[in-house]
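> Sequence plus predicted model, see below.
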Amino acid sequence: MTNILNIKLIRNDAKMPYRANEGDAGLDLFSVEDVIIPSGQSALISTGIQMELPKGTEAQVRPRSGLALKHSVTVLNSPGTIDEGYRGEVKVILINHGKEEFRVEKHMRIAQMVIAPVFQVELAQVSDLTQSERNSGGFGSSGK
Ligand SMILES: O=c1ccn([C@H]2C[C@H](O)[C@@H](COP(=O)(O)OP(=O)(O)OP(=O)(O)O)O2)c(=O)[nH]1
Ligand SMILES: [Mg+2]
């Protein structure tokens with residue numbers, strides 16, 4: 001399995017995803033445009049990149065905690081899913097939960113993506129499932 005993530009910059013002002021520190025899980029994604037997100041609203045932000053993920057992986061688009069803490073801006077569909085076969089532009093849906101409008105500036109780091117393995121399953125429809133210790137218990141069934 002290769003660990004190469006192929007990135008194509010589809011605008012000459014687009015920036016490669018950025019690993020802030022060696023070993024970081026998250027690769028920061030840059031906005032390639034200026035966008036104002038009014039309080040309470042969301043926006044689809046372009047990154048100007050397309051990718052070819054390594055086989056058997058996905059990319060998860062996650063919020064940056066600094067934007068969440070300082071501006072109440074987060075990724076609406078977190079974690080966003082980028083499928084292995086997707087070759088379109090990577091985009092980020094940001095939502096502004098803050099009271100003020102939020103200005104996304106071109107080349108601002110707006111989110112981060114984490115590349116994760118995907119376990120490919122084959123689907124089998126069955127009429128019975130095996131018993132387990134948990135069985136149908138959930139939603140607080142084990143107590144506090
Ligand atoms: O934050 C995101 C989420 C998705 N995508 C791209 C890559 C992904 O492979 C594709 C589809 O995403 P998803 O499956 O979440 O959306 P859908 O509403 O199910 O659309 P589709 O029917 O195209 O799968 O959109 C992004 O660029 N950013
Ligand atoms: Mg889908």
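Looks like it arrived, so ask away. Numbering: from 1, shown residues only. Ligands and ions are numbered 1, 2, ... in the order given.
> What ranges does the chain have for its strands?
Ranges of strands in the chain, per DSSP state E, are 6-9, 27-30, 35-37, 42-52, 57-62, 73-75, 80-82, 89-96, 102-104, 109-117.
> which residues sit against the fourth one?
Okay, so that is strand 42-52. Strand 42-52 is touched from outside by 5-11, 13-17, 29-33, 35, 37, 59, 76, 82, 86-96, 104, 110, with contacts defined as Cβ atoms under 8 Å, 6 or more residues apart in numbering. All C-beta atoms are positioned from the backbone trio N, CA, C, and that covers glycine.
> and it, anywhere near ligand 1?
No. Counting by Cβ under 6 Å from any ligand atom, ligand 1 is not contacted by strand 42-52; separation bottoms out at 8.1 Å.
> Within its sheet, name the partner strands of that strand and how each one runs.
Each strand paired with strand 42-52, and its direction, by DSSP bridges: strand 6-9 (antiparallel), strand 89-96 (antiparallel).
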